[in-house]
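> My questions concern the predicted model and sequence given below.
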Amino acid sequence: MAPPPNYEEQTVKLKKFLQEFEVDGELKYFSQLQQIANRAQRVIEVSLDDVEAHSEEELASFMRMNTRRYSNLLGKAIEELLPPPDGDVQEEDVLDVLLRQRMEVRDGGEGAAGEEQQDPGANIPPEIKRRFEVRIVPGGGEKAVSLRAIKASHIGQLVSIRAMVARASDVKPLARVVTYTCEECGFEAYQEVTGRSFMPLDKCRGPMCQQYNTNSKLLMQTRGSKFTKFQELKVQELPDQVPTGHIPRMMTVHLVGELTRSCGPGEEVLIAGVFLPIPYTGYKAIKAGLTADTFLEATSLTRAKQQYQDYDMTPEIAAQIEAAAQESNTYDKLAASIAPEIFGHEDVKKALLLQLVGGSNRNLADGLKIRGDLHMCLMGDPGVAKSQLLKHIAKLAPRGVYTTGKGSSGVGLTASVVKDQFSGDLMLEGGALVLADQGICAIDEFDKMEESDRTAIHEVMEQQTVSIAKAGITTSLNARTAVLAAANPMYGRYNVRRSPSENINLPQALLSRFDILFLLMDKVNATTDFNLAKHVTHVHRYSAAPQVQRDDVFDSHFLRSYVAQARTLNPFIPPELTEYIVGAYISMRCDEERTDAYFFTTPRTLLSILRLAQALARLRFSGEVAQGDVDEAMRLMYESKRSIDATADPSHTTFDPTSSIFELAKALALVSPNNTVKVADIETRAVMKGLTKAQLTACLEQYESLNVWQLEANASVVRFVDAP
């Protein structure tokens, strides 16, 4: 068995490491000591990789096995090596004033009376004068493990875990050094606190009180004591770490100092810290007997998925984004990059891309807010990859929550009132929609939810808040989330012989809140079925999409970076485009009045078109919405409605683009003089309805050959032979 280390020698090695370790010719840690002396830095992190690189592998092993002891040794070494300030120090704070007064009293600076009453040998604890935090962090090659892999043999060691934050407490002050003052002689006493609880001092041990044997009391001085920020987390195993048939385990994590408020509930985090035991107190100690609880004292915390606003763009990624933005087919490539292993669904993937980007939030002067998040619903037959798309988007979004309708209750989606096991107070615990704030909440099996639970989503989808009035707690929580729902028709598969209202078993009040809804049907088509089967077998064999498609897609990291950069823009609608949008909206309303459509165009539809257009402008990195953005937004809306209206009546199951373009031209000719229509006007309306330029050209040539109209002015004007 190896002898225990000599801690005095270890302290000397730590000092040498702090003074001599260099990176690119610069003293990495000694320069940080100067920043700490100037009060420009509060935290110094010592990496075990740096210790090993300094030819101190044995020291690094000792630090990994006995982390808390070596943290104290590092703190003492830094205090001895701390240089004097070399620049302007900020103004004095309360601690400076108290320290100066204490030093004056200790050194007899307040006269003879002070010398008689004060103990000249009283020592001010070093902890109360320390203005920095020391953290020992693992190396870059340290592999994070699951909560189940942490055993009793890891107590006292530095471990790394990967988990999800289930609950985060409020940040509260934690006492480190408690200061007392005698009410009789004025003697100042200190008590260092190393745990969560302590027994206050009650009797004065000053020389004057001991000489006269007075039983004077000590009064706690709050302003003279030292407190640090403290927060407690409850972390839970990730779903992929839980063995079959088991439930996820939980662990308590303590955050101290600058690590507090570094994460929130629902986030996936990588935590490194010291695994320590903690004894039970109070009534729990009687029941527990000799057993003790365990916790992780965190030394570093990193989010596994960064928020969009926290993305750190490297020059290489920024150059790639700039180059991709100049390409003409970037929109199609970005959409194809979403779940490339899933065949087809081009328009659905484009809508999902726009949901990731989102529109611009509008905060009006009177306090009214107009949301910019896009809500989307996928409804269709079993086996069309709805759930796979939902899981992919929840994984792709920096803050994504996936849940199912049958396994979610109303309070599970919004918020519930729970009792804090430490303070005993009632507190709110956010549900899935609150945890997905500023992210995406994917709800699968949306049609299986109870009606009472489904009504809880109405407020979230429009006002983006969760109002609570329970157990004396009345408040409103932010739920600024984009809802992505998937549902099956009422009879399992969509029955074309029944109306959409009979197939879609969802209330209109809820459906109108979705910006876009797609019906995905599994139709029999020999060509499509052949390509689909070929694609699926290739993915099953090689665990990747076909090579032809992989060359035209981006990886998930680049896609997140592109979306993060696009979300920094807030495009606006130019005045000259306003009339065009109004005309298109009125045209949609008139078209639905003439047909028996299931979905009616409402003012919410107009807002949806504006959000889609803003998201398209963001993808172009433009601060202004163009007409092409509005046309593509209208096309997606028409494709959404066509997917449902085409199944409402068997007579509408076949779609004839030539007849549709002719109807558009005839409607324009009715309101124009001389029976003439500009081809550009027909093309604009056709594109908004999802038709292509090639289909327009074919229609013009076909009806010209039938002598229905004639093309004039270099095929830029259509003149009807007879009045339409």
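The structure has been received and is ready for your questions. Since this is a predicted model, take the numbers as computed values, not measurements.
> so what's the residue most central in space within the chain scoring on pLDDT?
The residue lying closest to the centre of the chain (CA atoms, centre = their mean) is residue 399, at 2.8 Å. We note a pLDDT of 80 for residue 399 in this prediction.
> Report the contact partners of it.
Going by CB atoms under 8 Å, 6 or more residues apart in numbering, residue 399 touches 266, 267, 305, 307, 436, 437, 438, 439, 440. Yep, even glycine has a C-beta here, placed from its N, CA and C like the rest.
> Tabulate these (JSON lines), appending distance to residue 448 and secondary structure.
As requested, the contacts of residue 399 are exported to JSON lines (distance: CB to CB, whole Å; DSSP: H, G, I helix; E, B strand; the rest coil):
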{"residue": "266", "distance to residue 448": "23", "secondary structure": "coil"}
{"residue": "267", "distance to residue 448": "28", "secondary structure": "coil"}
{"residue": "305", "distance to residue 448": "28", "secondary structure": "coil"}
{"residue": "307", "distance to residue 448": "31", "secondary structure": "coil"}
{"residue": "436", "distance to residue 448": "20", "secondary structure": "coil"}
{"residue": "437", "distance to residue 448": "25", "secondary structure": "coil"}
{"residue": "438", "distance to residue 448": "27", "secondary structure": "coil"}
{"residue": "439", "distance to residue 448": "23", "secondary structure": "coil"}
{"residue": "440", "distance to residue 448": "20", "secondary structure": "strand"}
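> And whichever strand or helix holds residue 136, what's buried?
Following DSSP states H and E, one finds residue 136 within strand 133-137. By 16 or more other CB atoms under 10 Å, the buried positions in strand 133-137 come out as 133, 134, 135, 136, 137.
> just stretch 565-581 next, same as before
Within stretch 565-581, the residues that qualify as buried are 565, 566, 567, 569, 571, 573, 577, 581, counting by 16+ other CB under 10 Å.
> end-to-end on it?
End-to-end distance of stretch 565-581 (CA to CA, to the nearest Å): 27 Å.
> Quick one: distance of it to the chain centre.
Computed by CA atoms, centre = their mean, to the nearest Å, the separation of stretch 565-581 from the middle of its chain amounts to 26 Å.
> Check what contacts it and list those residues.
Against stretch 565-581 from outside (CB under 8 Å, 6+ apart): 308, 311, 313, 318, 321, 357-358, 360, 606, 609-610, 613-614, 617-619, 621-627, 630.
> Quick one: the buried residues of stretch 565-581 as JSON lines, columns for pLDDT, distance to residue 377 and secondary structure too.
What follows is the buried residues of stretch 565-581, written out as JSON lines (pLDDT from 0 to 100; distance: CB to CB, whole Å; DSSP: H, G, I helix; E, B strand; the rest coil):
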{"residue": "565", "pLDDT": "86", "distance to residue 377": "28", "secondary structure": "helix"}
{"residue": "566", "pLDDT": "87", "distance to residue 377": "24", "secondary structure": "helix"}
{"residue": "567", "pLDDT": "86", "distance to residue 377": "23", "secondary structure": "coil"}
{"residue": "569", "pLDDT": "86", "distance to residue 377": "27", "secondary structure": "coil"}
{"residue": "571", "pLDDT": "88", "distance to residue 377": "25", "secondary structure": "coil"}
{"residue": "573", "pLDDT": "87", "distance to residue 377": "26", "secondary structure": "coil"}
{"residue": "577", "pLDDT": "85", "distance to residue 377": "28", "secondary structure": "helix"}
{"residue": "581", "pLDDT": "84", "distance to residue 377": "24", "secondary structure": "helix"}
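> for residue 244, phi and psi?
Backbone torsions of residue 244, given as degrees, to the nearest 10, read phi -60, psi 130.
> show me the contacts for the residue sitting furthest away from the middle of the chain.
Ranked by distance from the centre of the chain (CA atoms, centre = their mean), the top residue is residue 212, with 64.4 Å. Residue 212 makes no contacts at all, as judged by CB under 8 Å, 6+ apart.
> ok, now how distant is it from residue 204?
Applying CB to CB, to the nearest Å, the value for residue 212 to residue 204 is 11 Å.
> Narrow the contacts of stretch 565-581 to those in strands?
Within those, no residue falls in strands by DSSP state E.
> what about burial for those, which qualify?
If you count burial by 16+ other CB under 10 Å, the buried members of those come out as 308, 311, 321, 357-358, 360, 606, 609-610, 613-614, 617-619, 621, 625-626, 630.
> Looking at these, which are in helices?
Using DSSP state H, the subset of those located in helices is 321, 357, 606, 609, 610, 613, 614, 617, 618, 619, 630.
> Tell me how many other residues crowd residue 44.
Residue 44 has 18 neighbours, counted by other CB atoms under 10 Å.
> Kindly report the same for residue 659.
Counted with other CB under 10 Å, residues neighbouring residue 659 total 10.
> Is it correct that it falls within a helix?
Yes. Assignment of residue 659 by DSSP: H, G, I helix; E, B strand; the rest coil places it within a helix.
> What are the neighbouring residues in contact with residue 231?
Residue 231 makes contacts with 168, 169, 170, 171, 172, 254, 255, 259, 260, 261, as judged by CB under 8 Å, 6+ apart.
> same question, residue 479
414, 433, 434, 436, 437, 460, 464, 465, 466.
> is it true that the fifth one touches residue 465?
No. Contact status for residue 437 versus residue 465: not in contact, 10.3 Å apart, counting by CB atoms under 8 Å.
> And the two? Which one has more around it.
Comparing residue 437 with residue 465 by other CB under 10 Å, the one with more neighbours is residue 437, at 20 against 17.
> if I look at that one, how far off is residue 530?
44 Å.
> ditto for residue 299
Going from residue 299 to residue 530 by CB to CB gives 57 Å.
> These two: which is more packed in?
Counting neighbours by other CB under 10 Å for residue 299 and for residue 530 shows that residue 299 has the greater number, 24 against 10.
> Who is the spatially closest residue to the more buried one that is not a sequence neighbour paired with across the strands?
Closest residue in space to residue 299, ignoring its immediate chain neighbours: residue 135 at 4.3 Å, by CB to CB, 6 or more residues apart in numbering. For residue 135, the beta-bridge partners are residue 45 (DSSP bridges).
> mind listing what residue 135 touches?
For residue 135, the contacting residues are 43, 44, 45, 46, 71, 299, 300, by CB under 8 Å, 6+ apart.
> now, which of the contacts of residue 231 sits nearest residue 512?
Nearest to residue 512 out of those is residue 168 (CB to CB; 35.6 Å).
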